[in-house]
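*Asks:* Predicted model follows, preceded by the sequence.
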Amino acid sequence: MTIERAHATVLQKPWGIVDLQPWSTESHAALPSGEIWFERAVGLGPSPSLLLKVLFTSQPLSIQVHPDDAYAHSIGLGCGKTEAWYILSAAEHAQVALGLQSSLSTAELITAVDDGSIVGHVAWHDVLQDEVVLVPAGTIHSIGAGLVIAEIQQRSDATFRLFDFGRERELHIGHAVAAADRGPVKDQPPSIRVSKHRRILTSNAYFVFERLDLPADSNWYVEALRETWLLVIRGSARVDSLEIAQGEALFAEGECINIHAGKSGMSCLAAYTGSTGPVTHFLHREPRRGFHAKRATASSIAAGAQGQIGSQ
Ligand SMILES: [Zn+2]
């Protein structure tokens with residue numbers, strides 16, 4: 001039974017940006033920041049299964065691959081890494097790379113990494129704000145410049161770099177080639193609009209990723225019984241006793257949480273563990289309190305509102 005504000009840590013990355021607003025007011029002018037990690041405060045509860053991040057890019061990330069669970073276990077790591085991206089903002093013609101344009105043999109892939117032609121073999125796609133990209137473990141991928149992305153992933157550090165665009169960071173070509181699917185990716189599963197207020201962005205064995213859009217001054221319940229993360233991407237809200245605004249996140253588990261959307265409404269991304277698929281009644285409106293609603297209407301009219309209350 002937990003609900004708490006997530007602790008945000010800003011990480012410096014060579015491909016990051018300097019000004020993180022409106023997502024964070026933190027800045028380290030001399031060093032670009034590339035990631036905000038949202039985590040439980042140190043020492044609170046067992047380690048979560050998921051990791052929520054926001055990424056900021058001014059250059060492409062490395063071309064990389066994450067192992068699946070089986071490969072991760074075979075080299076002594078706890079789990080693999082499937083991840084998903086939600087595009088928060090995109091410069092014109094900003095791109096991500098997902099899979100290869102056509103299948104390569106292991107030898108061809110190694111040659112393409114050695115001579116740098118891998119950059120032309122990966123499948124680059126323009127992306128727009130509000131798009132969703134699922135990156136199954138084993139997919140060769142990169143994120144191009146000019147993007148702000150919310151990422152949900154299995155909580156794993158297992159990243160194998162194939163190519164780093166001339167930066168001098170370590171590569172992990174042996175593991176990357178062994179863990180990679182050396183061909184095009186399957187079609188992305190479509191997102192599912194459940195209602196005007198709820199869209200399931202993507203769902204798999206590891207996590208469900210959703211977007212909730214709540215109108216101004218409305219009241220809701222969210223069934224956060226599984227490990228659940230919320231990231232506010234627009235507006236503000238009061239969640240139980242916590243006030244949260246754009247760029248802030250919270251963690252909840254074993255709770256049905258109350259949300260009151262602020263005066264300009266609130267949109268958030270929600271991610272929760274996914275072994276049994278999306279929660280049917282994840283979001284519901286607070287039951288109407290008929291007696292109080294009727295009484296308020298009657299007293300407003302009596303006070304001289306001249307029927308205007310009926311126009312709502
Ligand atoms: Zn990745």
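*Replies:* Right, received. Where do you want to start? Numbers count the residues shown, from 1 in each chain.
*Asks:* CA only for contacts and neighbour counts going forward, please
*Replies:* Fine.
*Asks:* What helix or strand is residue 171 located in?
*Replies:* Secondary-structure assignment from DSSP states H and E places residue 171 in no helical or strand segment.
*Asks:* What residues does the closest residue to it other than its chain neighbours make contact with?
*Replies:* Spatially, and ignoring its direct neighbours in sequence, residue 171 is nearest to residue 161 (4.9 Å; CA to CA, 6 or more residues apart in numbering). Contact analysis of residue 161 by CA atoms under 8 Å, 6 or more residues apart in numbering lists 62, 63, 64, 65, 170, 171, 172, 173, 176.
*Asks:* Out of those, which is nearest to residue 125?
*Replies:* When these are compared for distance to residue 125 (CA to CA), residue 63 wins out at 14.1 Å.
*Asks:* Show me the beta-bridge partners of the closest one.
*Replies:* For residue 63, the beta-bridge partners are residue 163 (DSSP bridges).
*Asks:* Could you do residue 195 as well?
*Replies:* residue 198.
*Asks:* And it, how far from residue 158?
*Replies:* Using CA to CA, to the nearest Å, we find residue 195 at a distance of 36 Å from residue 158.
*Asks:* Please say which of those two ends up with more neighbours.
*Replies:* residue 158 (16 against 11; other CA atoms under 10 Å).
*Asks:* isn't there a strand covering the more buried one?
*Replies:* No: per DSSP: H, G, I helix; E, B strand; the rest coil, residue 158 lies outside any strand segment and is coil.
*Asks:* what ranges do the strands span in the stretch 201-312 of the chain?
*Replies:* In the stretch 201-312 of the chain, the strands defined using DSSP state E, counting those that start in this stretch lie at 207-214, 219-224, 228-239, 242-245, 249-253, 255-273, 283-285.
*Asks:* For the stretch 1-150 of the chain, give me the ranges with low pLDDT.
*Replies:* Counting by pLDDT under 70, the ranges of the stretch 1-150 of the chain that qualify are 27-29.
*Asks:* Same check on the stretch 151-300 of the chain?
*Replies:* Within the stretch 151-300 of the chain, the segments meeting pLDDT under 70 span 287-300.
*Asks:* if you set the cut-off to 50 instead, what comes out?
*Replies:* Residue ranges of the stretch 151-300 of the chain with pLDDT under 50: 288-300.
*Asks:* just to revisit the earlier point, among the contacts of residue 161, which ones are buried?
*Replies:* Buried members of the contacts of residue 161, scored by 16 or more other CA atoms under 10 Å, are 62, 63, 64, 65, 171, 173, 176.
*Asks:* returning to what we had before: which two in the contacts of residue 161 are spaced the farthest apart?
*Replies:* 65 and 170 (13.9 Å).
*Asks:* Once you drop chain neighbours, what's closest to residue 84?
*Replies:* What sits nearest to residue 84 in space, not counting adjacent residues and going by CA to CA, 6+ apart, is residue 134, at 4.4 Å.
*Asks:* repeat for residue 112
*Replies:* With sequence-adjacent residues excluded and distances taken as CA to CA, 6+ apart, residue 112 is closest to residue 118, at 4.7 Å.
*Asks:* hey, where'd the helices end up in the stretch 1-150 of the chain?
*Replies:* Along the stretch 1-150 of the chain, counting by DSSP state H, counting those that start in this stretch, helices occupy 69-74, 106-115, 118-121.
*Asks:* wait, which of these is closest to residue 141?
*Replies:* With CA to CA as the yardstick, what comes closest out of these is helix 118-121 (10.3 Å).
*Asks:* Export that closest one to PDB, keeping only CA atoms.
*Replies:* Provided in PDB are the C-alpha atoms of helix 118-121 (Å, rounded to 0.1, in the frame of the first residue of the first chain):
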ATOM      1  CA  ILE A 118      25.600   0.300 -40.000                       C
ATOM      2  CA  VAL A 119      24.300   3.900 -39.900                       C
ATOM      3  CA  GLY A 120      22.800   3.300 -43.400                       C
ATOM      4  CA  HIS A 121      21.600  -0.300 -42.700                       C
END
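*Asks:* Quick check: the gap between residue 283 and residue 226.
*Replies:* 14 Å.
*Asks:* Understood, closing this out.
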